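Okay, here's the prediction I keep looking at, along with the sequence it came from:
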Amino acid sequence: MTRKGLQNYRWELGWLLGGLACRSVIAAGLLTGWDEAYYYLYTQHLSWSYFDHPVMVAVTTGIGPWLTGYVSQLTIRLGTLVLFTGSLVLLYATARHLWGRRAARLTLAIASLTPLFFLAFGTLTAPDSGLIFFGTLTVFWASQEFFAPADEAGRLPATQPYRPTYRIVLIGIALGLTCLSKYHGFLLGLGLVMFCLTSATHRRALVSPWLGLSLLIFGLTLFPLWWWGLQTDWISFQFHLGMRFDRDTGTQLNLLQLLGVFGVGLLYLFPAFGLPLWWVSFRTLWRQLRQRFVALRPLPQPLSAEASARQALLLWVGLPIAAGFTLLGGVKHIFPAWPAPGLWWLTPLLGYAAASWPPLTVRRWLRLSGWTVATLLTVAFLHITLGLFQVGSPYAPMGGFIAPAQDPVNELIDTVQLGQRLQADPKLARAVTDADFIFTDEFFHGGYIGMALQRITNAPVTALTQDPRGFTLWFEPADWVGQNAVYITTERHHIPEITDTFRPYFERFEPLGQVSTLRQGAVTNTFYLYRATRLLKPYPYPY
């Protein structure tokens, strides 16, 4: 791009580079999350796919440690930081193609400021980073395939006869990579099919020779997933479609639970963005239904067929995921990130709507929301890193008011410090080095321990638990019969009911010692180590 071209996009570059810088600071300071530590283990057990997710998260998590040779919360997040910047570019390009530059700029600003988006998709290492990047690439190619570009001012061209093109093949490739990132990709593909089925203009895409070639390449792109599934009895699909809900026996919609899930989602989105996003999405859906199917009074300002079709594309790729998983939350336990990809793909609808609002109102809305989000995140970040509210912290105003033992932030583990403290204790370091394998009692603890010990020992790290996830495929406990181990657990799990379950499996099971991690001089986590001598029988995994 020429210097003049860069000048033309100075506003956009400011948002992209500024957002990347802010997210990089958060990624460097925020301790590793439970799932993130577990995904680090994916990089140590490279495979075609995994128990919980397809293969892409292993690549996005591993690229930082592979390039730098160093494992920390920042390096395992480098792939996410870069991919999210690309996702923002693609979302901007999609909105600009559909609605023009003003709508695209507003879409970029909204997506950059929404906490759930820039934290879950743009900072933490997770399957969602690949899902959002390749899924947005899919939607971008779909917008290119089905519609001519809007002009700079957002004026739409007249509706033209649609002819399927080679871009359908590109959609198939991008969709395959989306499915290799997270299984939401299959719902995205279904949304595209439903858009074509419900649009008389675009229905011919479903009978095009390009679609046949696209499906072939889509299937080839999914080779890692189906090849691994054939060898493991499709255990990943069994887990996601049933096994993970076995403990949740509810089958009826609980309205209070649904409202709770919706409310928590709004908090993660930030209400100033979440409420308008849901409102615009359902208002657009209602207008579509009134205009196309419902015999009511005509709309005072009916949409053109072209504008209606563009809105329908975004509704089909976003609303089933967003609304579907939110409704599922009224029946089963879900995570806030599950509906979020659908809301991400609906964001251009909010950008399009906001483009027609008074400019002064939009500026005030974005500035006030942005400063509020920045202030809240800064306060939270300072507490996590410096103990802003921690009793006894030198940075805490008036001495703080949260005792370290009651601080929920301490659920996150400083793996770098844990590794350093284990190395500094000769007795514990020697025991860990001499062990044939290391084990803990939760699958996510296995990730933390693996990150902490990666410079101390090459011994395998596993989890002996009734919810072992990927460990059940990475290791065969029978291979360790007769070998010695070290058991590492946290203070929260250091209770007889858990520790005593392991004693029958070993000839001897005795305490080794303990080590603590600190923040501003206060203990945040204590880890207990046991020497487990000679495994007598394999630990029985449930899967």
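Received the coordinates, thanks. Residues are numbered from 1 along each chain as shown.

what ranges do the helices span in the stretch 301-450 of the chain?
305-328, 340-354, 359-386, 415-424, 426-434, 443-453 (DSSP state H, counting those that start in this stretch).

Could you name the helices and strands sitting against the last one?
So that's helix 443-453. helix 34-44, helix 415-424, strand 437-440, strand 461-463, strand 485-490 (3 or more Cβ pairs under 8 Å, 6 or more residues apart in numbering; DSSP states H and E). In this view, the C-beta of every residue, glycine as well, is placed from N, C-alpha and C.

just to revisit the earlier point, want to try TSV for the helices of the stretch 301-450 of the chain, with mean neighbour count and mean pLDDT as columns?
Listed next are the helices of the stretch 301-450 of the chain as TSV, based on neighbours: other Cβ atoms under 10 Å; pLDDT from 0 to 100:
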stretch	mean neighbour count	mean pLDDT
helix 305-328	20	95
helix 340-354	25	97
helix 359-386	14	95
helix 415-424	18	94
helix 426-434	15	95
helix 443-453	26	94
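
Those: which one's closest to residue 66?
Smallest distance to residue 66 across those (Cβ to Cβ): 14.6 Å, for helix 443-453.

Return the distance of that closest one from the chain's centre.
The chain centre lies 19 Å from the centre of helix 443-453; the measure is Cα atoms, centre = their mean, to the nearest Å.

what sits up against it?
Residues from elsewhere that reach helix 443-453 (Cβ atoms under 8 Å, 6 or more residues apart in numbering): 32, 34-41, 44, 71, 413, 415-416, 418-419, 422, 432, 438-440, 459, 461-463, 465, 467-471, 488-490, 493.

ok, now with 6 Å
For helix 443-453, contacts defined as Cβ atoms under 6 Å, 6 or more residues apart in numbering pick out 34, 37-38, 40-41, 71, 413, 415, 418-419, 440, 461, 463, 468-469, 488.

ok, now stretch 109-120?
With Cβ under 6 Å, 6+ apart, stretch 109-120 has contacts from 15, 19, 91, 128, 268-270, 273, 337, 340, 347, 350, 366, 370, 373.

Residue 162: which of these is nearest?
Using Cβ to Cβ, those come closest to residue 162 at residue 91, 23.5 Å.

and the helix or strand that the closest one is a member of, what other elements does it pack with?
In this assignment (DSSP states H and E), residue 91 forms part of helix 78-99. Helix 78-99 sits against helix 10-29, helix 56-68, helix 101-113, helix 127-146, helix 340-354, with contacts defined as 3 or more Cβ pairs under 6 Å, 6 or more residues apart in numbering; DSSP states H and E.

Going by distance to residue 279, which of the contacts of helix 443-453 wins?
Closest approach to residue 279 among the contacts of helix 443-453 (Cβ to Cβ): residue 34, at 33.3 Å.

pLDDT score assigned to the residue nearest the centre of the chain?
By Cα atoms, centre = their mean, the chain has its centre lying nearest to residue 128, at 3.3 Å. Note on residue 128: pLDDT of 97.

related to what we said a few turns ago, TSV please, covering the helices of the stretch 301-450 of the chain and showing distance to residue 525.
Shown next, in TSV, are those (distance: least, Cβ to Cβ, whole Å):
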stretch	distance to residue 525
helix 305-328	33
helix 340-354	29
helix 359-386	14
helix 415-424	8
helix 426-434	15
helix 443-453	9
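
Nearest to residue 400, out of these?
The nearest among the helices of the stretch 301-450 of the chain, by Cβ to Cβ, is helix 359-386 at 9.3 Å.

Give me the helices and strands touching that closest one, please.
The helices and strands touching helix 359-386, judged by 3+ Cβ pairs under 6 Å, 6+ apart, are helix 101-113.

what do you get if the cut-off is 7 Å, keeping everything else the same?
Secondary-structure packing of helix 359-386 (3 or more Cβ pairs under 7 Å, 6 or more residues apart in numbering; DSSP states H and E): helix 10-29, helix 101-113, helix 271-292.

Ramachandran coordinates for residue 199?
phi -120, psi 110 (degrees, to the nearest 10).

distance of the closest residue to it other than its chain neighbours from residue 92?
Among residues not flanking residue 199 along the chain, residue 309 sits closest, at 5.9 Å (Cβ to Cβ, 6 or more residues apart in numbering). Distance of residue 309 to residue 92, given as Cβ to Cβ, to the nearest Å: 21 Å.

CSV for the helices and strands packed on helix 78-99, including distance to residue 452?
Output for these, formatted as CSV (distance: least, Cβ to Cβ, whole Å):
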stretch, distance to residue 452
helix 10-29, 18
helix 56-68, 14
helix 101-113, 34
helix 127-146, 23
helix 340-354, 30
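
Nearest to residue 208, out of these?
Comparing the helices and strands packed on helix 78-99 by their distance to residue 208 (Cβ to Cβ), the top pick is helix 127-146, with 10.4 Å.

Would you mind identifying the next helix or strand past that closest one?
helix 167-179.

Would you mind pulling the contact partners of that following helix?
The contact list for helix 167-179 (Cβ atoms under 7 Å, 6 or more residues apart in numbering) reads 54, 131, 134-135, 137-138, 141-142, 144-145, 185-186, 188-189, 205, 208, 210-211, 213-215, 217-218, 221-222, 225.

Low-confidence regions, this structure specifically.
Filtered on pLDDT under 70, the chain yields the residue ranges 1-7, 243-251, 294-302.

can you count the residues close to residue 268?
Using other Cβ atoms under 10 Å, residue 268 has 17 other residues around it.

That one reaches residue 336, doesn't it?
Yes: here residue 268 reaches residue 336: they are 4.8 Å apart, a contact under Cβ atoms under 7 Å.

residues in contact with the nearest residue to residue 320 once chain neighbours are set aside?
Leaving aside its sequence neighbours, residue 320 sits nearest to residue 191 (Cβ to Cβ, 6+ apart; 5.7 Å). Neighbouring residues of residue 191 by Cβ under 7 Å, 6+ apart: 316, 317, 320.

So which of those is the closest to residue 241?
Among those, and counting by Cβ to Cβ, the member closest to residue 241 is residue 320, at 17.0 Å.
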